[in-house]
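Enquirer: below are the sequence and a predicted model; questions follow.
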Amino acid sequence: MNTVSNDTAARPLTSKGEARRERLLEAATQSLLEHGYAQTSIQRVLRQAGGSAATAYQLFGNKEGLLAAVLQHELDGLRAAVFPAAMLTQPVGVALHELSVRLLTYALQPKSVALYRLLISECHRLPQLAEALRIAVEKQIHAPLEQCLRQACERGELRIDDPRQAALTLGNLINGIAAHARLSGGSADGPDAEHLATCRYGVDTLLRAFRA
């Protein structure tokens, strides 16, 4: 989604500029969750976060760009919480079970569920947003899962003919497990026993299929 000029996108922000951007994203997230996309505007966000309209439009381009930035910010946080670098070097059985539970737990948090519902409700009207979502999920979820599987193959733990498809399969499995809980608003306490059992079974099945 190209809502920001290339010159602006390429110019790194100062620490002050980064802090300003963070405040705007936090205010935008709160407004989107409380008022929805239709009732959220850059002006409303500015009333809460402060700053100038010129800066906001320079950073995000327009309201759709602001929503895309909120999406990217959320998925950046997901990757940091779910995929710590040290985890990817653990034995693959340990790593995949831990990563899958972390990912499922994150997906079930009420804030994550609310953002997921918002994005689903708007993507049909905003095809560029749908494409931005696809790219962000590929980069922040499927790519680190693929990296974990590839490293396991390099260590001789697994033998997978297509690690990318295997990563997509695992990511979609976890997304499917989360689907029912999302209908009821998610779970601040994380996955229940049935979710965890299904998650473990899915990971064990994948490991059995690809064990070297």
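Expert: Here it is on my side, so go on. Numbers count the residues shown, from 1 in each chain.
Enquirer: is it true that residue 64 touches residue 126?
Expert: Yes. With contact defined as C-beta atoms under 8 Å, residue 64 counts as touching residue 126 (5.9 Å). (Glycine included, C-beta is placed from N, CA and C.)
Enquirer: where does pLDDT dip in the protein?
Expert: Along the chain, the model assigns pLDDT under 70 to residues 1-12.
Enquirer: apply 80 and report the result again.
Expert: By pLDDT under 80, the low-scoring segments of the chain are 1-13, 17, 180-181.
Enquirer: do a quick rundown of the helices in it.
Expert: Taking DSSP state H, the helices of the chain run over residues 6-10, 15-35, 42-49, 53-60, 63-82, 92-108, 110-123, 127-137, 143-154, 163-183, 193-210.
Enquirer: so which residue is smack in the middle of this protein?
Expert: residue 75 (2.9 Å; C-alpha atoms, centre = their mean).
Enquirer: nearest residue to that one other than its sequence neighbours?
Expert: For residue 75, ignoring the flanking residues on the chain, the nearest one in space by C-beta to C-beta, 6 or more residues apart in numbering is residue 140 at 4.2 Å.
Enquirer: that neighbour reaches residue 78, doesn't it?
Expert: Yes. Using C-beta under 8 Å, residue 140 is in contact with residue 78, at 6.1 Å.
Enquirer: got the contact list for the most far-flung residue of the chain relative to its centre?
Expert: Ranked by distance from the centre of the chain (C-alpha atoms, centre = their mean), the top residue is residue 212, with 30.7 Å. By C-beta atoms under 8 Å, 6 or more residues apart in numbering, residue 212 lies in contact with 153, 156, 157, 158, 159.
Enquirer: change it to 10 Å
Expert: Shown in contact with residue 212 (C-beta atoms under 10 Å, 6 or more residues apart in numbering): 92, 152, 153, 155, 156, 157, 158, 159, 160.
Enquirer: go on, residue 161?
Expert: Neighbours of residue 161 in contact, by C-beta under 10 Å, 6+ apart: 153, 210.
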